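J.: pasting the sequence and the predicted coordinates here, then a few questions.
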Amino acid sequence: QVQLVESGGGLVQPGGSLKLSCGVSGFTSDYYAIGWFRQAPGKEREGISCISNWDGSTNYAEESMKARFTISRDTAKDTVYLEVKNLKPEDTAVYYCAAERIATLRCYLPRNMDYWGKGTRVTVSP
């Protein structure tokens with residue numbers, strides 16, 4: 001049974017940084033991808049970035065996101081990270097990690113994902 005568990009959210013001041021973690025378990029093959037998403041109050045869930053477990057290649061939903069968002073992984077710990085720098089109030093959202101059973105280049109699209117974690121809340125406020 002695939003399980004995804006996010007952690008690392010909390011209250012952060014504007015301009016601060018945060019590193020979110022996604023613990024991954026239950027996969028029987030290596031061809032999956034893990035993506036990070038967020039959903040702000042009253043808004044649709046949006047993709048940020050994703051990483052292939054097979055080769056570590058990454059994709060971002062928008063090029064501009066690379067400036068402040070960095071996805072990475074620790075294969076020994078079966079954990080995928082999302083580091084966010086220079087946090088802004090508009091980054092306030094619930095952040096989710098999700099898995100795509102067979103990795104594609106668009107593993108940052110919510111509709112492509114097969115499994116979801118329960119999310120971790122990030123609040124950016126003075």
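T.: Arrived safely, thanks for sending. Since we're looking at a predicted model, the values are computed, not measured.
J.: alpha carbons only for contacts and neighbour counts from here, please
T.: Noted.
J.: who's the closest residue to Asp91 other than its chain neighbours bridged to?
T.: Of all residues not flanking Asp91 in the chain, Val124 sits nearest, at 6.7 Å (CA to CA, 6 or more residues apart in numbering). Counting by DSSP bridges, Val124 is bridged to Val12.
J.: do I have it right that Val124 meets Asn86?
T.: No. With contacts defined as CA atoms under 8 Å, Val124 does not count as touching Asn86, sitting 10.3 Å away.
J.: joint contacts of the two?
T.: Contact criterion CA atoms under 8 Å, 6 or more residues apart in numbering; residues shared by Val124 and Asn86: Pro14.
J.: and Thr70, how many neighbours?
T.: 18 (other CA atoms under 10 Å).
J.: and the helix or strand harbouring it, what's its mean pLDDT?
T.: Of the helices and strands defined by DSSP states H and E, Thr70 is found in strand 69-74. Averaging pLDDT along strand 69-74 gives 97.
J.: now do the buried residues in that strand.
T.: Phe69, Thr70, Ile71, Ser72, Arg73 (16 or more other CA atoms under 10 Å).
J.: which strands or helices does that strand pack on?
T.: Strand 69-74 makes packing contacts with strand 46-52, strand 79-84 when contacts are defined by 3 or more CA pairs under 8 Å, 6 or more residues apart in numbering; DSSP states H and E.
J.: before we move on, the earlier item: Val124 and Asn86: who's more crowded?
T.: More neighbours surround Val124 than the other of Val124 and Asn86, with 20 against 14 (other CA under 10 Å).
J.: from Ser29, how far off is the more buried one?
T.: Using CA to CA, to the nearest Å, we find Val124 at a distance of 37 Å from Ser29.
J.: pull up the pairing partners for the strand holding Thr70, direction included.
T.: strand 79-84 (antiparallel).
J.: mind checking how far the strand it pairs with is from the chain centre?
T.: Offset of strand 79-84 from its chain centre (CA atoms, centre = their mean, to the nearest Å): 6 Å.
J.: with just CA atoms, put it into CSV.
T.: The C-alpha coordinates for strand 79-84 follow below in CSV (Å, rounded to 0.1, in the frame of the first residue of the first chain):
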residue,chain,number,x,y,z
THR,A,79,12.1,11.0,1.1
VAL,A,80,11.4,13.9,-1.3
TYR,A,81,11.9,17.4,-0.2
LEU,A,82,10.6,20.8,-1.3
GLU,A,83,12.6,23.8,-0.2
VAL,A,84,10.9,27.2,-0.5
